[in-house]
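**Student:** Give me the fold of what follows.
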Amino acid sequence: RHGVGHDEAVKRIGDVASIGVFAYAIGKLFLTGLGDFWGGRTSFLIGLAGATACTFLFSMGSSIALFAVAWFGNRLVQSIAWAGLIKVSSKWFDYSSYGIVVGVLSISYLVGDAAARGSMGALMAHGAAWQTLFHYAAIVAGICFVSNWLLLRESRVQAGFTEAKTNPLNLFAASEARVQGVRELLLPLLRSRSFLIVCFLSLGCTIIRETFNIWTPVYLRDYLGYTASKAAGMSAIFPGVGAVSVLASGWLSDRLGAHGRSIIMLVGLGATAAALLLLTSMPASAAGTLLPPLAIGAIAFCLLGPYSYLGGAFALDFGGKQASAASSGIIDGVGYLGAVAAGDSVARVSVAFGWQRVFTVLAGVSVLAALAAAYLCYLSAKAVREGRHLP
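**Tutor:** Predicted structure coming up:
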């Protein structure tokens, strides 16, 4: 109605998405480490309260500038929430169960995402205005804030249990004392080859994940021809299948032992590349068949389980109780800096060259990440043999 063509609208959505991802990356890199000083519960509550306020702000106007500001603020405050939750987890759970614990926690952004897409698709089908969708989301976030403010405790010691056991190979295992400064917090992490490889893996996996998070509804509507409400509902396949993947991968990694996570990462990324290549050859006539949901579901299953390790179980393995928030923040922050491309760049490539080219590029990213995972397997196996901290 305001004279913006379809292709231009797609590019502007991509711009706003990229601004949000950039804000998330900045927050991850520069704010999440605060949780190691003031506690994970505080970080988590700040993220929930800020998300509630900024989501309401998004619904208060209709300009691209307001959308960008509201989304920047939303993602900035959200960025510290996950690291806060990882910090709390380091004080609640023993290292032998990190995989399944992070798998359960990851349901928050997978089942929650799937439920949001499905319920909002239903609201759209019943004629709800776009503002209603944001009011609905803000109310849900507000309920989560109040619940956690009342019930969440920083550690299991506060609830009368014994102290949690950390990974004996973590980079801070030599001392249980609380770190006193930023240098003491960051140097052990940045000197670790394994940690830097995990950051690279985060870069590749987050590019793929954010592309599907942002653009699956657009792909289903523009390329395959589904209605807007049908595309919104069907896009829930990606996070929905991912929830099954993180639980299965988390349980399996705990059973496989110290370097089981890197092995699952290698296999998962190789299979993700194969599934992405399948999408590159899928014709528009496949709409209405089982091929599109099967391909999207296969990518979700192969990618999201291993992806959940990066800013979760791996971060706990590296940081222990002292630096788990900073570890998680840096890993995720590097990933989201690269994933800025999932907004603007993917929009422009899809408009100029088509969705097959987008999936070809993502397949290449997955192959490179799989090679990095192979090297991580070698380093982690060597560390376990030698009985020392992660290299």
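**Student:** low-confidence ranges in the stretch 51-200 of the chain?
**Tutor:** Scanning the stretch 51-200 of the chain for pLDDT under 70 picks out the ranges 169, 172-181.
**Student:** repeat that with 90
**Tutor:** Regions of the stretch 51-200 of the chain meeting the criterion pLDDT under 90 cover residues 58-68, 78-91, 93-122, 124-130, 154-195.
**Student:** in the stretch 251-391 of the chain, which spans are strands?
**Tutor:** Counting by DSSP state E, counting those that start in this stretch, the stretch 251-391 of the chain has no strands at all.
**Student:** where do the helices sit along it?
**Tutor:** Under the criterion DSSP state H, counting those that start in this stretch, the stretch 251-391 of the chain contains helices at 260-280, 291-310, 313-339, 344-353, 355-386.
**Student:** Tell me which of those helices is the most buried.
**Tutor:** helix 313-339 (a mean of 28; mean count of other C-beta atoms under 10 Å). C-beta: built from backbone N, CA, C; applies to glycine.
**Student:** which strands and helices sit next to that one?
**Tutor:** helix 6-30, helix 35-38, helix 64-90, helix 98-125, helix 182-190, helix 193-218, helix 260-280, helix 291-310 (3 or more C-beta pairs under 8 Å, 6 or more residues apart in numbering; DSSP states H and E).
**Student:** Please name every helix or strand in contact with the second one.
**Tutor:** If I follow you right, that is helix 35-38. Helix 35-38 makes packing contacts with helix 64-90, helix 313-339 when contacts are defined by 3+ C-beta pairs under 8 Å, 6+ apart.
**Student:** For the residue lying closest to residue 103 once chain neighbours are set aside, the count of nearby residues, please.
**Tutor:** In space, and not counting its chain neighbours, residue 103 is closest to residue 250: 2.7 Å by C-beta to C-beta, 6 or more residues apart in numbering. When neighbours are counted by other C-beta atoms under 10 Å, residue 250 registers 27.
**Student:** Now the host helix or strand of residue 250: buried residues?
**Tutor:** Using DSSP states H and E, residue 250 sits within helix 237-256. Of all the residues in helix 237-256, those buried under the rule 16 or more other C-beta atoms under 10 Å are 237-247, 249-254.
**Student:** for the helices and strands packed on helix 35-38, which one sits closest to residue 99?
**Tutor:** Distance to residue 99, taken as C-beta to C-beta, is lowest for helix 313-339 among these, at 5.2 Å.
**Student:** No more questions from me, cheers.
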